[in-house]
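S.K.: Provide a 3D model corresponding to the input given below.
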Amino acid sequence: MTTAAKPGPNTKQRSELMRIYAAAVSAVDPRRVMAGAIEGVSAGAELVPGLIEQAGGIYLIAAGKAALGMALEAEARFGARLREAIAIAPAAGLTSPPLARSRVRVKGTAHPLPDARSEAAGRAALELAGRARAGDLVVIALSGGASSLMVAPAGAVTLADKIAINSGLLRAGASISEFNTVRKHLSATKGGGLLRAIVPGVRVLSLILSDVPGNDLATIGSGPTVADSTTYADAIAVLKRRGLWGRAPEPVRDHLERGAAGEIEETLKRDDPALAHACNVIVGDNATALEAAAETATALGYAVEPYRELGGEANEVGPALAKYLCTVERERVCLIAGGEPVVTVKGNGLGGRAQQCALAMAIELGRIGGNRRITAMFAGTDGIDGPTDAAGAIATPATYARAAEARIDADAALARNDAYSLFKALGDLVITGPTGTNVSDIFVALVNY
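M.R.: Numbers count the residues shown, from 1 in each chain. Predicted coordinates:
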């Protein structure tokens, strides 16, 4: 992994940040976490070896940013009992073909907005799930991004309708929970829909690499194999709250209104008998990555200090962290945090939530940081921050002044959501390429080094 940072006074700290980031990503490598779960050595995976051993045949559906690695590891370990397998992953991350002799069908689709390939993949997943018979085991290897990568619009709702709604929710800064409340009620796979497609007598094992704070199973990938507590009325409320209801396509409004009136079956609920045959296991999450990051920071000689979960508006998260960092008095401290801030898009610039957080922090550090020794990084563990080629960015108290020297108005860049252009000009983007995994974002700051 490399950064686009130019040589400077903090080159050593930037290198250490990247070592910490690399350790975090390595800890949630999809093949690594799948191996631990299949062997039953991961926390909560004690029943997994028995389910695999008892299966007459195994059908595998892997979906998400870590799908390819998870599928290939499962294939290697399931052997001849694997009857059929599909991996649904971002097309942009498929830079090399899977193993030449692999039986996994790989489908490259789109993220963060679905496309026709996403719909074809969703239909293929439903068909594969429906082919399993009593005594078989369907394994769902789920990771972040699956909600967009695997879609199957419900009823008269079209893919174009779903794209319009997803795009609107993105621009409105909707939370993951709000996103999924709507998506689940417009889908045949989400909200337990995939589980419903599996015939009685088939066991279902979901091995989940979580990108959701708190590991809410109903939110990860929009919960294709778990009960959903939200309703059609909740989905309508989200669209109204975000100012999208009046602009929503007519088929979407009609579908949700019919659902709220009881004319369309609700998403899977807790009393559904299908749940008795389903087992869900978290194989890795943001905490797994942060633990590995902390171990590496400690090995580098830093006193590790955890911070509260990153959440809320990026424009508020960044300054809050800057203020906290300026209160640290101890020598050689590494502050580590994880989570998923949101960005309410108001401009037409280029960036992502990690870069927006970094810029908001840089502006505040420029105001209050003085000559403090602080080098901080926000980055997505998937290596992709928003619609850019960067994982995130690095900020210091000098970032604001350096931008001014380069005749870049940092405040204006923040307002138009153009953090990417600023950090690219300064050489402070974090460029890793797609990592093949995803457990949300991490923040690492080195203080008083």
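S.K.: drop to CA atoms for contacts and neighbour counts, all remaining ones
M.R.: Fine.
S.K.: How far off centre is the host helix or strand of Lys323?
M.R.: According to DSSP states H and E, Lys323 maps onto helix 314-325. Chain-centre distance of helix 314-325: 22 Å, with Cα atoms, centre = their mean, to the nearest Å.
S.K.: and it, what other elements does it pack with?
M.R.: Helix 314-325 makes packing contacts with helix 353-368 when contacts are defined by 3 or more Cα pairs under 8 Å, 6 or more residues apart in numbering; DSSP states H and E.
S.K.: Can you point out the buried residues in the helix it packs on?
M.R.: 353-366 (16 or more other Cα atoms under 10 Å).
S.K.: What of stretch 237-257?
M.R.: 237-239, 244-245, 248-249, 251-253, 255-257.
S.K.: Please enumerate residues in contact with that stretch?
M.R.: Outside stretch 237-257, the residues that touch it by Cα atoms under 8 Å, 6 or more residues apart in numbering are 155-158, 161, 164-165, 168-169, 172, 174, 178, 181-182, 185-186, 232-233, 235-236.
S.K.: ok, now stretch 27-42?
M.R.: By Cα under 8 Å, 6+ apart, stretch 27-42 touches 45-49, 66-67, 69-70, 72-74, 77, 207, 209, 283-285, 288-289, 292, 436-439.
S.K.: Buried only: go through these for me.
M.R.: Buried among the contacts of stretch 27-42 by 16+ other Cα under 10 Å: 45, 48, 66-67, 69-70, 72-74, 77, 207, 209, 283-285, 288-289, 292, 436-439.
S.K.: Now do Ile58 against Val226, distance only.
M.R.: 20 Å (Cα to Cα, to the nearest Å).
S.K.: ugh, wrong one, I meant Thr344
M.R.: For Thr344, the distance to Val226 equals 29 Å [Cα to Cα].
S.K.: With Ile264 instead?
M.R.: Taking Cα to Cα, one finds Ile264 at 19 Å from Val226.
S.K.: Now do the helix or strand where Ile20 lies: distance to the chain's middle.
M.R.: Assessed by DSSP H and E, Ile20 sits inside helix 11-27. Centroid separation for helix 11-27 versus its chain: 20 Å, with Cα atoms, centre = their mean.
S.K.: Break this protein down into its domains, please.
M.R.: 11-24+287-447, 29-152+187-230+267-284 (automatic domain parsing).
S.K.: I'd like the distance from stretch 186-203 to the chain centre, please.
M.R.: 22 Å.
S.K.: how about it: buried residues?
M.R.: Neighbour counts over stretch 186-203 (16+ other Cα under 10 Å) mark 186-198, 202-203 as buried.
S.K.: Also stretch 338-350?
M.R.: So, applying 16+ other Cα under 10 Å, buried residues of stretch 338-350: Gly338, Gly339, Glu340, Pro341, Val342, Val343, Thr344, Gly349, Leu350.
S.K.: Farthest-apart pair in those, please.
M.R.: The largest separation in the buried residues of stretch 338-350, counting by Cα to Cα, is between Gly338 and Gly349 at 24.9 Å.
S.K.: Looking at the buried residues of stretch 186-203, spot the one nearest Gly122.
M.R.: Thr189 (7.3 Å).
S.K.: Over to that closest one. Which of the three states is it?
M.R.: coil (DSSP: H, G, I helix; E, B strand; the rest coil).
S.K.: Give the burial count for the nearest residue to it once chain neighbours are set aside, as a bare number.
M.R.: Spatial nearest neighbour of Thr189, excluding adjacent residues (Cα to Cα, 6 or more residues apart in numbering): Pro224 at 5.6 Å. Counted with other Cα atoms under 10 Å, residues neighbouring Pro224 total 29.
S.K.: can you check the one 3 residues further on too?
M.R.: Residue neighbour count, defined by other Cα under 10 Å, stands at 22 for Ala227.
S.K.: any idea how far Ala45 is from it?
M.R.: The separation that Ala227 has from Ala45, given Cα to Cα, amounts to 20 Å.
S.K.: repeat for Asn448
M.R.: In terms of Cα to Cα, Asn448 sits 41 Å off from Ala45.
S.K.: contacting residues around the strand ranked longest in the chain?
M.R.: In the chain, with assignment by DSSP state E, the single longest strand is strand 82-90. For strand 82-90, contacts defined as Cα under 8 Å, 6+ apart pick out 57-68, 71, 75, 103-111, 121, 125, 128, 146, 149-150.
S.K.: quick check: angle from the following helix or strand past it to strand 82-90?
M.R.: Per DSSP H and E, the first helix or strand lying C-terminal to strand 82-90 is strand 104-109. Strand 104-109 and strand 82-90 are oriented at 20 degrees to each other (axes from the mean of the first three to the mean of the last three Cα atoms, to 10 degrees).
S.K.: Quick check: neighbours of strand 104-109 in the sheet, parallel or antiparallel?
M.R.: strand 82-90 (parallel) (DSSP bridges).
S.K.: mean confidence for the strand it pairs with?
M.R.: Mean pLDDT, computed over strand 82-90, is 96.
S.K.: Likewise for stretch 94-101?
M.R.: Mean predicted confidence for stretch 94-101 is 60.
S.K.: Same question for stretch 40-47.
M.R.: 94.
S.K.: got the CA coordinates for it in CSV?
M.R.: Output of stretch 40-47 as CSV, limited to C-alpha atoms (Å, rounded to 0.1, in the frame of the first residue of the first chain):
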residue,chain,number,x,y,z
GLY,A,40,-14.9,-22.9,14.3
VAL,A,41,-12.1,-21.0,16.0
SER,A,42,-13.7,-17.5,15.7
ALA,A,43,-15.8,-16.2,18.5
GLY,A,44,-19.4,-17.2,17.9
ALA,A,45,-18.5,-19.7,15.2
GLU,A,46,-18.5,-22.9,17.3
LEU,A,47,-21.5,-24.4,15.5
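S.K.: Extract the residue ranges of the protein that are flagged as low pLDDT.
M.R.: 1-10, 93, 95-100 (pLDDT under 70).
S.K.: and with 90 instead?
M.R.: Along the chain, the parts satisfying pLDDT under 90 run over 1-11, 92-103, 111-113, 166, 170-177, 179-180, 212-214, 308, 340, 344-345.
S.K.: And the strands in it, which stretches?
M.R.: Under DSSP E, the chain gives strands at 58-63, 82-90, 104-109, 137-143, 203-209, 278-284, 303-306, 333-339, 374-380, 392-395, 429-430, 441-447.
S.K.: The first one packs against which elements?
M.R.: Using 3+ Cα pairs under 8 Å, 6+ apart, the elements in contact with strand 58-63 are helix 67-78, strand 82-90, helix 116-131, strand 137-143.
S.K.: what about 10 Å?
M.R.: Under the contact criterion of 3 or more Cα pairs under 10 Å, 6 or more residues apart in numbering; DSSP states H and E, strand 58-63 touches helix 67-78, strand 82-90, strand 104-109, helix 116-131, strand 137-143, helix 146-149, strand 203-209.
S.K.: so Pro397 makes contact with Ile363?
M.R.: Yes - contact criterion Cα atoms under 10 Å: Pro397 and Ile363 qualify, at 8.0 Å.
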